[in-house]
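>>> predicted structure and sequence below. I'll ask about it afterward.
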Amino acid sequence: MKNILVLGGGFAGVDTAAYLKKEGYNVTLVSDRDYFYIYPTSIWIPTGDADFSDVKVDLKDLQKAHGFHLVVDGVEKIEARANRVTLSSGKVLDNYDYLVVAIGAHKMKHPGQEHTLSICGHPLEAPKIKRRIDDLIAKGGGKIAFGFGGNPKDSSAVRGGPGFELFFNLHNLLKKKGIRDNFEMTFFAPMPKPGARMGEQALSMMDTMFERSRFHKQFGKKIKRFEADGVVFEDDSKLESDFTMFIPAGDGHRVVKESDLPTNEAGFIKINDYSEVIIDGEVSNVYAAGDVAALEGPDWRAKQGHVAEVMAKNIAYNIAERDRGSEKRKGYQEHLNILCVMDTGDGAGFVFRDSKKAFMLPMPFVGHWMKKGWGWYCRNTKLGRIPRIPGM
């Protein structure tokens with residue numbers, strides 16, 4: 001039985017390990033956290049609609065469900081040509097036939113970023129956001145600024161959706177408490193049309209929703225720095241804020257940048273359509289999936305959980321076929337699309353885009369509960385308690 005080492009305990013890593021076990025491999029999963037975190041549903045932690053425990057799954061439970069070996073440790077060094085991985089504890093792992101890298105991305109840094117919190121950052125930032133929001137609610141009012149940044153070297157490394165979702169959820173929470181008029185809410189982003197990757201119809205609908213919710217906008221200005229009381233832009237204008245939530249763009253993981261793996265300009269691992277890593281002109285024994293990988297495709301392409309899951313399933317299939325001596329392979333490109341239920345707290349918008357079409361479908365009330373249901377579905381399918389629905 002061949003040994004496969006999977007690095008990363010997120011969507012890509014957990015699914016890869018589970019699918020490889022189904023193919024009969026001896027799989028070891030390495031994660032720097034002892035839990036799998038369901039980022040798409042973490043938007044409800046700051047508003048009190050979910051507890052931290054609701055959006056995480058113990059990796060030991062996933063280990064029991066799927067049978068892979070689990071090592072809770074960080075990754076310090078990858079030496080692909082030497083077939084060696086060094087962990088943060090100093091332990092060296094070199095007894096593997098295949099390596100799957102799924103350790104995610106690091107974040108771009110802006111001066112003063114310590115004055116912000118991110119809903120897409122470390123999981124423990126979500127409860128901190130809640131405390132900051134609770135403090136402002138207790139105060140009775142204030143100025144709130146939410147935003148996200150971009151990576152000029154890789155357009156797929158932007159993640160603004162959760163920022164929009166949390167913004168709308170907070171708006172509805174303040175409305176329910178009868179204090180929305182006491183808050184000035186501003187969304188900011190360096191690009192002129194944030195959310196444009198969703199398509200023109202979705203962008204138009206978002207503008208209407210912003211106007212209806214009385215949100216202020218600060219778009220098209222690059223961020224110079226963050227301060228304790230606001231955001232300073234390139235023209236030295238300042239957006240005053242009592243609390244700033246900011247989602248920085250993704251950047252290549254430090255360990256990947258320092259490795260001998262091939263990367264694009266932003267530091268993401270170069271892969272082909274089959275998630276294979278080409279080293280010295282040959283298909284190596286290394287694969288990459290999820291945010292750590294450099295996605296090829298149109299400018300609107302985005303790194304999302306469902307794409308990571310497709311890559312994970314394909315990697316298991318491709319490795320198994322490779323070992324059978326077969327030329328059969330499955331690629332991620334045909335599945336490249338934007339797919340999300342953008343929750344607003346009192347409803348949602350179903351967003352879809354691929355190479356042929358792009359649309360946003362309003363789903364008042366029922367959309368919110370659809371996303372709640374997806375959270376339950378995600379947890380229980382990962383644990384193997386209910387079957388997966390193809391494409392979800």
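Cool, the structure landed.

>>> and whatever helix or strand Thr86 lives in, what does it pack onto?
Per DSSP states H and E: Thr86 is located in strand 84-87. Contact partners of strand 84-87 among helices and strands, from 3 or more Cβ pairs under 8 Å, 6 or more residues apart in numbering; DSSP states H and E: strand 75-79, strand 92-93. (Each C-beta comes from the backbone N, C-alpha and C, glycine too.)

>>> try it again at 6 Å.
In this structure, strand 84-87 packs against strand 75-79, with contacts taken as 3 or more Cβ pairs under 6 Å, 6 or more residues apart in numbering; DSSP states H and E.

>>> model confidence over the strand it packs on, on average?
The pLDDT scores in strand 75-79 average 98.

>>> also stretch 253-271?
Per-residue scores along stretch 253-271 average to 98.

>>> quick one: contacts of that stretch?
75, 78, 80-81, 103, 105-106, 151, 153-154, 252, 277, 288, 292-294 (Cβ atoms under 6 Å, 6 or more residues apart in numbering).

>>> check which helix or strand covers the closest residue to Gly112 other than its chain neighbours.
In space, and not counting its chain neighbours, Gly112 is closest to Phe226: 3.7 Å by Cβ to Cβ, 6 or more residues apart in numbering. Following DSSP H and E, one finds Phe226 within strand 223-227.

>>> quickly run through the sheet partners of that strand, with directions.
strand 230-233 (antiparallel) (DSSP bridges).

>>> run the chain-centre distance for the partner strand.
Counting by Cα atoms, centre = their mean, to the nearest Å, strand 230-233 is centred 25 Å from the centre of its parent chain.

>>> before we move on, what about stretch 190-210?
20 Å.

>>> just flag the most distant two among the contacts of stretch 253-271.
Spatially, the most separated pair among these is Arg81 and Asn151, at 27.8 Å (Cβ to Cβ).

>>> higher neighbour count, these two?
Asn151 (21 against 12; other Cβ atoms under 10 Å).

>>> and the more buried one, that one's in a helix?
No: read with DSSP: H, G, I helix; E, B strand; the rest coil, Asn151 is coil and lies in no helix.

>>> over to it: give its phi and psi.
When read as degrees, to the nearest 10, the backbone of Asn151 gives phi -110, psi 110.

>>> what's the answer for Lys217, then?
Dihedral angles for Lys217 - degrees, to the nearest 10 - are phi -130, psi 140.

>>> now do the contacts for it.
Phe187 are the contacts of Lys217 under Cβ under 6 Å, 6+ apart.

>>> quick one: it from His110, how far?
20 Å (Cβ to Cβ, to the nearest Å).

>>> low pLDDT regions in this structure?
Applying pLDDT under 70 to the chain flags residues 391-392.

>>> how is it partitioned into domains?
According to automatic domain parsing, the chain comprises the domains 3-105+252-336, 116-249.

>>> for Met363, find the nearest of those.
Short answer: domain 116-249, nearest of the domains of the chain by Cβ to Cβ, at 11.8 Å.

>>> is Pro127 in a helix, a strand, or coil?
Classified using three-state DSSP, Pro127 is helix.

>>> for it, which non-adjacent residue is spatially closest?
That would be Phe52: by Cβ to Cβ, 6+ apart, it lies 5.8 Å from Pro127.

>>> can you check Phe350 too?
Using Cβ to Cβ, 6+ apart, the closest residue to Phe350 is Leu361 (4.3 Å).

>>> so the one you found is in which element?
strand 358-364.

>>> got a list of contacts for that strand?
By Cβ under 6 Å, 6+ apart, strand 358-364 touches Gly199, Gln201, Ala202, Met205, Gly347, Ala348, Gly349, Phe350, Val351, Phe352.

>>> nearest to Asn380 among these?
Among these, and counting by Cβ to Cβ, the member closest to Asn380 is Ala348, at 20.7 Å.
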